[in-house]
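[1] can't give you the sequence, but here's the structure:
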């Protein structure tokens with residue numbers, strides 16, 4: 001069992017996409033190239049098999065191969081966080097106990113979805129996960145997808161009783177909740193912003209990093225924004241953030257990861273392909289994304 005206060009996940013993280021071929025198969029070669037590009041362009045860590053990866057549409061074998069492809073490409077250069085959450089606590093704990101997660105430094109555990117547990121249920125879920133994990137745990141709070149919001153009192157209770165829980169990816173879309181989490185948690189605990197559009201304000205408020213969608217496409221620009229903000233150069237960070245503001249809206253206009261898949265297809269040789277029930281963005285949104293790319297406002 002892991003017993004650690006250390007947290008390797010801070011600064012600029014990228015919520016990694018899963019590229020597909022036109023046939024619909026996972027494009028592992030494209031994944032390898034994309035990961036290498038992110039490693040060479042300022043990513044502090046990668047989040048693998050999260051929401052942006054379309055993880056619910058991947059088979060167990062595909063998930064294992066994605067994990068291995070990413071770890072083999074990174075070769076320990078930056079920390080790797082892997083999604084291993086779900087809504088069946090016993091099954092998650094079994095996986096955490098049986099799998100060594102070679103090449104990974106932490107586990108991302110989403111609040112259980114669909115079941116809609118109470119705050120007590122959330123607490124007991126993370127207590128069980130904490131006992132089962134040999135790696136640091138990052139909680140993932142995204143109530144728009146799970147149907148339940150992790151409250152501040154529950155988060156503090158989890159932190160007090162679960163030494164393996166070192167951070168939270170907060171993606172409720174509310175700056176006020178990020179601020180409350182920062183105020184209420186211990187100094188060594190890491191609050192990570194999960195919404196690109198709130199990233200700069202979250203960093204100003206004491207968040208220690210961001211897990212970004214836009215960073216897939218513009219790692220230099222988004223990474224510089226994050227690093228300048230953490231260093232206290234808010235003017236430089238603000239200038240970069242202003243340039244990216246149109247992208248934040250476009251990435252979510254028809255949902256994530258449809259927006260980022262479209263953007264990536266405009267910037268590099270990768271298919272704009274998703275797996276059902278997700279579909280590509282509308283033509284109107286695609287036109288706006290293409291127009292943004294033509295402006296060449298960012299350095300990547």
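    Cool, got the structure. All of these numbers come straight from a predicted model, not from anything done at the bench.

[2] So, low pLDDT: which residues of the stretch 201-300 of the chain?
    Applying pLDDT under 70 to the stretch 201-300 of the chain flags the ranges 299-300.

[3] show me where it has strands.
    Using DSSP state E, counting those that start in this stretch, the strands of the stretch 201-300 of the chain run over residues 209-212.

[4] residue ranges of the helices in it, please?
    With helices called from DSSP state H, counting those that start in this stretch, the stretch 201-300 of the chain shows them at 219-231, 234-253, 258-267, 283-295.

[5] how about the first one: buried residues?
    Residues of helix 219-231 classed as buried under the neighbour-count rule (16 or more other CB atoms under 10 Å) are 219-230. For the C-beta atoms, the positions are set from N, CA and C on the backbone; glycine is no exception.

[6] got the contact list for that helix?
    11-12, 14, 37-38, 41-44, 196, 199-200, 203-204, 208-210, 212, 214-215, 234, 236-237, 240-241, 243-244, 298-300 (CB atoms under 8 Å, 6 or more residues apart in numbering).

[7] re earlier: and the helices of the stretch 201-300 of the chain as a markdown table, adding distance to residue 141?
    A markdown table is the format used below for these (distance: least, CB to CB, whole Å):
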| stretch | distance to residue 141 |
| --- | --- |
| helix 219-231 | 20 |
| helix 234-253 | 17 |
| helix 258-267 | 21 |
| helix 283-295 | 27 |
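
[8] Quick one: the strands in the stretch 51-200 of the chain, in order.
    80-83, 106-110, 137-141, 165-170, 190-193.

[9] Mind putting these into a markdown table with distance to residue 49 and mean pLDDT?
    Output for these, formatted as a markdown table (distance: least, CB to CB, whole Å; pLDDT from 0 to 100):
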| stretch | distance to residue 49 | mean pLDDT |
| --- | --- | --- |
| strand 80-83 | 4 | 98 |
| strand 106-110 | 8 | 98 |
| strand 137-141 | 11 | 98 |
| strand 165-170 | 13 | 98 |
| strand 190-193 | 16 | 98 |
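
[10] could the ones you listed be laid out in JSON lines, adding distance to residue 285?
    Output for these, formatted as JSON lines (distance: least, CB to CB, whole Å):
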{"stretch": "strand 80-83", "distance to residue 285": "26"}
{"stretch": "strand 106-110", "distance to residue 285": "26"}
{"stretch": "strand 137-141", "distance to residue 285": "26"}
{"stretch": "strand 165-170", "distance to residue 285": "25"}
{"stretch": "strand 190-193", "distance to residue 285": "24"}
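
[11] who wins for proximity to residue 129 among the ones you listed?
    Of all those, it is strand 106-110 that lies closest to residue 129, at 5.5 Å by CB to CB.

[12] In TSV, list the strands of the stretch 51-200 of the chain along with mean neighbour count and distance to residue 290.
    Formatted as TSV, these follow (neighbours: other CB atoms under 10 Å; distance: least, CB to CB, whole Å):
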stretch	mean neighbour count	distance to residue 290
strand 80-83	26	30
strand 106-110	24	32
strand 137-141	25	31
strand 165-170	26	30
strand 190-193	25	28
